[in-house]
Every structure is written in structure tokens, then in C-alpha cells.
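S.K.: Here is my input, please return the structure:
(chains A and B, ligands or ions: 1)
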Amino acid sequence: MQPTSEQRRWMYRQMVTSRHLEERIETLYMEGKTPVFNMAKGPIPGEMHLSNGQEPCAVGVCAHLNAEDVVVATHRPHHIAVAKGVDLNAMVAEIFGKATGLSGGRGGHMHLFDADVNFSCSGIIGESLGPAAGAVLSRKLQGKPGVAVAFLGEGAANQGAFHEALNLAAVWQLPVVFVIEDNAWGISVAKQASTAVPRNDLRASAYGMPGVHVADNDVDGVFAAAGQAIARAREGRGPTLIEIETSRLAGHFMGDGEDYRPEGEKEALQQRDPIPRYRQALLEAGLLDEAADTALVKEAHARVEAAIRFAQQSDFLPPEAALETVFV
Amino acid sequence: MTTTSTASGTRKLTIARAMAEATAQEMRTDPSVFVMGEDVGPLGGVFGNTRGLHEEFGPERILDTPISETAFIGAAVGAASDGMRPIVELMFVDFLGVCFDAIYNMMAKNTYFSGGKVRVPMVLMTSTGGGYSDAGQHSQCLYGTFAHLPGMKVVVPSNAYDAKGLMTAAIRDDNPVVFMYHKALQGMGWLGTEKGATVPVPEESYTVEIGRASVVREGQDLTLVSLGAGVHHCLRAAKTLADEGFDAEVVDLRSLVPLDRETVRASVAKTGRLIVVDEDYHSYGVSGEIIASVVEHDHRLKAAPARVAYPDIPIPFAPTMEQWALPNADKIVAAFHQMLSQ
Ligand SMILES: Cc1ncc(C[n+]2csc(CCOP(=O)(O)OP(=O)(O)O)c2C)c(N)n1
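M.R.: A predicted model of the protein is given here:
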């Protein structure tokens, strides 16, 4: 399954948008946290897991999804949220904890919920799969259309919830796709030190579903694999497991010293940054020229800058609002 | 030795280093002690409490685990029942949801089910607490949740001296012990640092008895009871109250199970007033238990007891909301003023 020119440009634009957002968050996050790094300080306090390098996973999958389709993401959710079409202003405002944020600042960066486009995420490792399966069980029971995608890291594939959800989805032939973003690290623990198989897509056979591997953080490769899996789900032919070899260009979270990385790894990964590579591919394919690229990047950056301004200019909710929305 | 007076030296340690030192000392003398958990190896624990252990003891005894809490905490139960003394880490207490069965249905009950024949000498260490905008899945205390379920001892140090002594006692205990350490007290600069938690710690090995509270400040007019980070809020409040001419006694529970009700009752018998400070949720928790323990024994107080606890809401991300909801010294002082005006 090949992406159309339009789809390829769309994927590139989403990746550029997401990366710019992450780079701006990175700078803003550090405000007030120097010279002494203290997580509680600055305009964006708390943990911050950036998605730099993992954009192909988000765009190659979300290119096949509509607003009605369900996505459940992880503690590293920004790239996926951008590609799923989460309201950028409200998302950035939530990351800043503002009243205009998706949940008024109650959730923050690890708990983004946008019901308009059926997006959610969770900071608990391995907990995206069950809710994704349940959302499409609901669609089945209600006779409503829609597929679901659960994203997870390769580290999460060692959680019980992963194995239970795969089995459940296969037994009930649910229209769900499980997408593993394999960035080779679970915080400081390398995949080969935590995982008994070299590739998690091999685990699909244990649950009688197709397992697909995408090598080298390849945008079009993700597009093809996800396209097939999602089409299969839409046709009622059950779940698929996909593992994508991707890269985490940043630390696990902001403030991570990354001493555990082998020397030179990070530099090598940066050499293989998927965004310049994809840009090059589009230029070579004649789908983009320098002028068009400049315009596209400018527009994407402007969107992000507008969202950041929106967030910065928004107020916080009054503190007592903490008591609201526990129940409806 | 079970007191909080320091025996030797002026060397100060953070709680993180005190925990690592206690673990290292026990590992040197007892080959059955080993450590398992996420990022406890070369990284030294996300909160620093296994730093240096991997270098000294190697990957056989300091095991980085997959992200598989159900399996490795269950494995700790199995190893403990088979003659080892595992120390196992649940990185944030909030993650109990994925592995609680191994904890409360096995770790906590196997000794009882076996009529006392099976020993489960393991330590489950886990981080608690918020205050740095990590939101509702990474900031809880859940003290009451663990203390509620019978069969596991539960300790919560407020300073490095107690942390080392309680850790040593926990490792040596033939029962499962849950060791709950508050992130803001760890002495990790990036989480802020509560100065009062970093105190002189003897180099030699010692224990702090599990089940003994400590009166960390003596006073006549009011008893403040707390644990972990709350103890430091109480000490700050006591200082403010002293300026106003009131003399507050501060009781650091240190252990939730067993609970030293006697020390609390003796203090309240003397002061006649009780405020419990707890960063865990208000209802069904430590604060209610302490108040009940006092009033079911003696109802002749000078004022109705009060609690300063976390409201019954998930913990919000936005710092404005979170800081508003957390207990602090001002709220304790206000609760006392309220008490006087009754
Ligand atoms: C149940 C649970 N255990 C542990 C953690 C702490 N933790 C947060 S991210 C992470 C690593 C996750 O690795 P992976 O799934 O590969 O995703 P990545 O961070 O690489 O994107 C861990 C262990 C958690 N959030 N939830």
C-alpha cells in the first residue's frame, strides 16, 4: 500500500509540526529550571517525555484514521496527538496547565483527552491496549463504525496487560491494531536486556494474529503496514500487531543524563533523523521543492507558535477548581 | 539501638543514600539479600536509592527487570518463600494497580495461609508523594491503602537516620515490609530537597525498630501527628505556633503497621488537642485511623480533633491546583486557630 502524494506531504507536515512543538516545549520546559534542575519549576513543571524521532510511527498510522476512530497513546503522546488531529491550542494549553487546556490543567502532558477526535493516553505502562480493545467492542455492540489503535513502547510489551489484551482482541476478533514504537530503551534498560524475543511482532503468532515488523523508522513502511492492518480491522478480520523500529532522539524524560547510552549512539541516531530523510525523499520524488518546503515548514511552525502563544496568554483555573469534575 | 539520637559523627546523608547504604551493608553480610526492580541497576534507581549497588554487587544481585511488575513482585514472593531476602522496587506507588495481587493476596497472606510456616522476608520499596506537578498517576501516597490490608508491615521514614535504620530492620525482618519513601525527601535535587530530611547518619549498621513512633518535638498545647513529608510541615507549623506562644508536640509515626498508638495517645493525653497531617487522601486513611485510635480510648479532649489531609480528588497537574490541595504548614496553623475558636 503506497501513500499518495497528498498523503506523503500530509505525513511530512505532521512530522514537522510535531517536531517543532517538541523543540519549543524543550526550551520552554527549561525556563526556570537552570542552573539547578528542579522539576517543579518553570512554566511547564513535572515530567516531560518528548517524542523526537518517533514521528513516523504516529503519522504512518494516523494517515489512515478518521476522527471517529479511537487512539489510545502512552506517556509519550505528543506526536500521536498531533497526527490524530487533537486541537493543538487546547493540547498545548493543557501541557501548560491552563484553563483553556483540554481538561483545564487537571491532566497535563501525560493525560491528554480529546473526545472530539477520540484521543486519550495514560502514564501507566501497558495500559493503552485494554481501553482500545474496549472502545471497539463498544462500536461492535452499538453497530457503529470505527477502528482503534493502541500505541505502546517496546518496554510495555512485557506487561501482563499486553498479553491479556492481545488474546482478548484475537478471541473476539476486535477491529484493533496494536502499534509498538520500539525505540530500544525502557528508561535506562535496553530492549535486549528486558525482552526474550528480538522482535515483539513475533509474539503475535502466540495470539493467532498477524505480526508485522517495520524496519528503520521508515515513514512509508509504517504507512503500508498500518494501512493493511487498519483495512483488515475495518473489514472485520480482527486485530494486528505491528512493531516499528524507531528512535528516541531525546532522553527518556527531560533531565535524563542518558549515561546508559553506548557512546556515539545518540549521534548515530541523529544522523538517521527521520524528518530530514523524509524531506529528502519527497524532494527526490518531486513532491516537494525548496520553496514549497520552506512554505510548509513556515506554516507548520506558525501553527505551533500560535498554540504556544494561546497557552501562554491563557489563565489558570482558580485553584478550587481542583475539586470539580471528579464526578459529572 | 532504636533512638533517633545520632551515635556518631556529623556525616549527613540524604534518604536515598541512607537507603543504599543500609542495603549495601546487609548485602555484604547476608548473601540472601538481593535487589530487583526497574532501572535499579547501572542507573542506580530513578530516585537514587540503589546508587552504587550495581558497581559493588554486580548484575547477579542487582537485577534490572523488564517492565513486568506482576511477574517480578510475584517472583520476589517466591524467592522470599524459598530462603532469599529480596528487596524489590515498585518505582511509583501509583503503579500498584498493575501488580497489587502479588502484594496483597500473596506477599501479605502466604505466612498466614501456611499457619506461620512460610516466611516471606521481603522488602517492597516504593516512592510516594507529589508537589512537583507529576499529576494523578505519579503523585499519590496511598499510605492508607497499604496499611489497611493485613499481613504487611508498612514504614514511612521522614529523615535519613530513620530511613537507614528502618531499611536495615526491614531487610532483617522475617515478614514482608513495605518501605514507602517520599520523593520530596529523597535529596534528589531535581525533585526539590527538604533540608530537614538530610541528617547525620552513623556509618555503622543499626536498626530503627519497626512499630515505634518518635516524638520529634516536645510540646504541651497541641499534638501534631504525621508521617514522611508531613512531619516537616508539622515542624514548620510548630515554629510558627511557637512564635504565637503555643507549644506543639510533633509525633512522627515512622511505621503505619504496626501502629504505635500508645505514643500518640500519651501525647494527646498530655496536650488535649490533636491534628493529624497526611498527604494521602482525606477519607478512609491514616488521619481517620489516628483520630479513631485516640477517641475510642479517651474522649476527654479540649477540642474536636482535626485533620489536614489531601482532599478526595485525583491529584491535578496544574501547580496552582495541586499546591492549593496539598497539606502545608499554613493549613496546619489555620486548623489550630480554628480549633481554638471552637
Ligand atoms: C506500570 C508502570 N511501570 C513503570 C512505569 C515507569 N516508566 C515510565 S516510562 C517507562 C519506560 C517505558 O518504556 P517503553 O514502553 O519502551 O516506552 P518509551 O518510554 O521507550 O517510549 C517506565 C518503566 C510506569 N509509568 N508504569
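
S.K.: you'd agree B:V251 is in a helix?
M.R.: No. Following the definition DSSP: H, G, I helix; E, B strand; the rest coil, B:V251 is strand and is not counted among the residues of a helix.

S.K.: What residues are bridge-paired with it?
M.R.: Taking DSSP bridges as the rule, B:V251 bridges to B:V215, B:V225.

S.K.: Can you name the residues in contact with the helix or strand hosting A:E299?
M.R.: Assigning secondary structure by DSSP states H and E places A:E299 in helix A:290-313. Contacts of helix A:290-313 with the rest of the structure, by C-beta atoms under 8 Å, 6 or more residues apart in numbering or on different chains, involve A:9, A:12-13, A:16-17, A:20-21, A:24, A:28, A:43, A:88-89, A:91-93, A:95-96, A:98, A:100-101, A:279, A:282-283, A:288. Just so you know, the C-beta spots here come from the backbone N, C-alpha and C atoms, and that holds for glycine as well.

S.K.: quick check, distance from that helix to the centre of its chain.
M.R.: For helix A:290-313, the separation from the chain centroid amounts to 20 Å (computed by C-alpha atoms, centre = their mean, to the nearest Å).

S.K.: Three-state assignment for A:V16, please.
M.R.: In terms of secondary structure, A:V16 is helix; the call rests on three-state DSSP.

S.K.: ignore the last one, B:M167
M.R.: Here B:M167 takes the helix state, with states given by three-state DSSP.

S.K.: neighbours around it, how many?
M.R.: For B:M167, the number of neighbouring residues by other C-beta atoms under 10 Å in any protein chain shown comes to 30.

S.K.: Quick check: it touching B:A24?
M.R.: No. Checked against C-beta atoms under 8 Å, the pair B:M167 and B:A24 is beyond contact range at 10.4 Å.

S.K.: ok now do the nearest residue to A:P239 once chain neighbours are set aside, which residues does it touch?
M.R.: Of all residues beyond its chain neighbours, the one nearest A:P239 is A:A169 (4.2 Å), with distances taken as C-beta to C-beta, 6 or more residues apart in numbering or on different chains. Contacts here follow C-beta under 8 Å, 6+ apart; on that basis A:A169 touches A:L129, A:A133, A:V176, A:F178, A:Y207, A:M209, A:G238, A:P239.

S.K.: pLDDT on the strand or helix carrying A:A169, on average?
M.R.: Under the criterion DSSP H and E, the helix or strand holding A:A169 is helix A:160-171. In this model, helix A:160-171 carries a mean pLDDT of 98.

S.K.: roughly how far is that helix from the heart of the chain?
M.R.: Averaging C-alpha coordinates over helix A:160-171 and over its chain gives two centres that are 21 Å apart (C-alpha atoms, centre = their mean).

S.K.: Next, the buried residues of it.
M.R.: A:A161, A:F162, A:H163, A:A165, A:L166, A:L168, A:A169, A:A170 (16 or more other C-beta atoms under 10 Å in any protein chain shown).

S.K.: what about the residue nearest in space to the middle of chain A, distance to B:A80?
M.R.: A centroid search over chain A (C-alpha atoms, centre = their mean) returns A:I80, at 3.1 Å, as the residue closest to the centre. If you measure A:I80 against B:A80 using C-beta to C-beta, to the nearest Å, the figure is 40 Å.

S.K.: same thing with A:V59?
M.R.: Using C-beta to C-beta, one gets 47 Å for the distance from A:V59 to B:A80.

S.K.: So for those two, which sits in the more crowded spot?
M.R.: Regarding A:V59 and B:A80, a neighbour count based on other C-beta under 10 Å identifies A:V59 as having more, with 29 against 24.

S.K.: element containing the more buried one, please.
M.R.: helix A:55-62.

S.K.: Check the offset of that helix from the chain's centre.
M.R.: Going by C-alpha atoms, centre = their mean, the spacing between the C-alpha centre of helix A:55-62 and its chain's C-alpha centre is 8 Å.

S.K.: Many thanks, I have nothing further to ask.
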